[in-house]
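Chemist: Here is my input, please return the structure:
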Amino acid sequence: MKSIGLFLIGICVSGLLVGCSTTNAEESTTQVTVVLKTLSSEYWQLVEAGAMEAGKELGIDVRVTGPSAESEIMDQVNLIEDGIVQQPDAFVIAPIQPSSVVPALERAYERDIPVLLLDTDVEWDKKTSFVGTDNYSAGQAAGKLMLESVEEGDEVALITGMPGNTAIDSRIDGAVDVLEENGVLIAARQSGDSDKSESVNVASNILQRNPEIKGIYAASDDMAIGAYRAVNQTNLDIPVIGTDGNLEATENIIAGGLSGTIAQSPYDMGYQSVIAAAKAASGQEVEARIPTEIQTITEDSAPEQAEFIRGVLNR
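Modeler: Below is the predicted model:
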C-alpha cells in the first residue's frame, strides 16, 4: 500500500488526476459511485473500506451503496439506474447477476461514464476494466496446500458452489488441475450451494460413501466451515481447506479447525478499483484486467490476517 500511496501523491503533484487536492476551491471533485452486491456482509464491508480509503487518499468523492442482500438482484439494478441519474465521473460495479445489469451498464456507457467491474466479471466488451481475484489461481493455491497433507493415490473430495457461479467453478478447476497432476484422486465432487448448513450435510454424505477420503477442499469459507463440522462430528483427522480468508475461517484455523484458507483481498479490491476509476475519469489509460492478491492462510499467518480484518472493520 505504501508504494501505491507514493505513486498517487506523484500523480496529484503533477496535476494529472482530476479530483486531487487543489488550490482552486471552485474546481469540482471527481465522483466515483461504487455499487456492491450488498453492504451487510464482512466481505463487502472490507471492499467498502478499501474504496473509501482510496477516495480519502485521492481527495475524491466516493459513494458506496448496495442492496440489503446478495439475493436482491433488481434492487441492485435500481441502484445502478439511480446512480446514472447522478452522472458520476466513473462507476465501479460488483454485479450480483451479470446478465441483469448489462442494460444498465449500456446506459452508463451511452452517457460516457466509464464502468469498471469488481469481483465478478461480465461478458460486456465496453467495460473499462475488471478488478478482482484470479479464481483459477486461488484454486491452484488450495490444491498446492492440500498436497502438503496428501500423497499420490490418496482420495479427496471437493465441495462446489451453486451451479453457474463462475468464480467458484474456476477455483475448483484450479484445484483439480493441481491435484490430478500430482496423482491425487477426486473421489467426490458435490455442491454445497455456498451454504454452511448445507455443506455439513453434503460433507457428511461424502464421508459416509467414501470412508477413505484424506482431505476436503471447499471453494468458499462458509462451505469449508460446514465441511469441517461434518469431519469433526465423525472424529476424523483430515485437512479441510476453504477460500476467501474471512474472519470466521481465520479464527477457526487459529482454534485448530480448518487447515487453511486461500484469502482474497477484498480491501485491496475496493482500493484498487477506485484508483483505477479515478484514472479512467481523468482520461488516463487503465489496464483491462487488474488482478488482486491472494494469500495462503495457515496456522502461522492466521493471527495476522484476523488482526487485519478486525482492524479494518472496527475503524
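Chemist: so residue 154 makes contact with residue 184?
Modeler: Yes. Between residue 154 and residue 184 a contact is recorded at 5.6 Å, counting by C-beta atoms under 8 Å. Where C-beta positions appear, they are placed from N, C-alpha and C, glycine not excepted.
Chemist: neighbour count winner among the two?
Modeler: Taking residue 154 and residue 184 together and counting by other C-beta atoms under 10 Å, residue 184 has the greater number of neighbours (23 against 20).
Chemist: That one: what's it in contact with?
Modeler: When the contact criterion is C-beta atoms under 8 Å, 6 or more residues apart in numbering, the partners of residue 184 are 146-147, 150-156.
Chemist: ok, now with 6 Å
Modeler: Residues counted as contacts of residue 184 (C-beta atoms under 6 Å, 6 or more residues apart in numbering) are 150, 154, 156.
Chemist: cool, and residue 227?
Modeler: By C-beta under 6 Å, 6+ apart, the neighbours of residue 227 are 159, 199, 203, 216, 218, 240.
Chemist: And residue 111, by the same measure?
Modeler: Taking C-beta under 6 Å, 6+ apart as the test, residue 111 contacts no residue whatsoever.
Chemist: State the phi and psi torsions of it.
Modeler: Note on residue 111: its backbone torsions stand at phi -100, psi 10 [degrees, to the nearest 10].
Chemist: From residue 87, how far off is it?
Modeler: When distances are taken as C-beta to C-beta, to the nearest Å, residue 111 and residue 87 turn out to be 7 Å apart.
Chemist: Which ones among the contacts of residue 227 map onto strands?
Modeler: Of the contacts of residue 227, the ones assigned to strands by DSSP state E are 159, 216, 218, 240.
Chemist: Please look at the last one and residue 214 and confirm they touch.
Modeler: Spelled out, it's residue 240. No. Residue 240 lies out of contact with residue 214 (C-beta atoms under 6 Å); the separation is 11.2 Å.
Chemist: Tell me which of those two has more neighbours.
Modeler: Here residue 240 and residue 214 are set side by side on neighbour count (other C-beta under 10 Å), and the busier one is residue 240, at 29 against 20.
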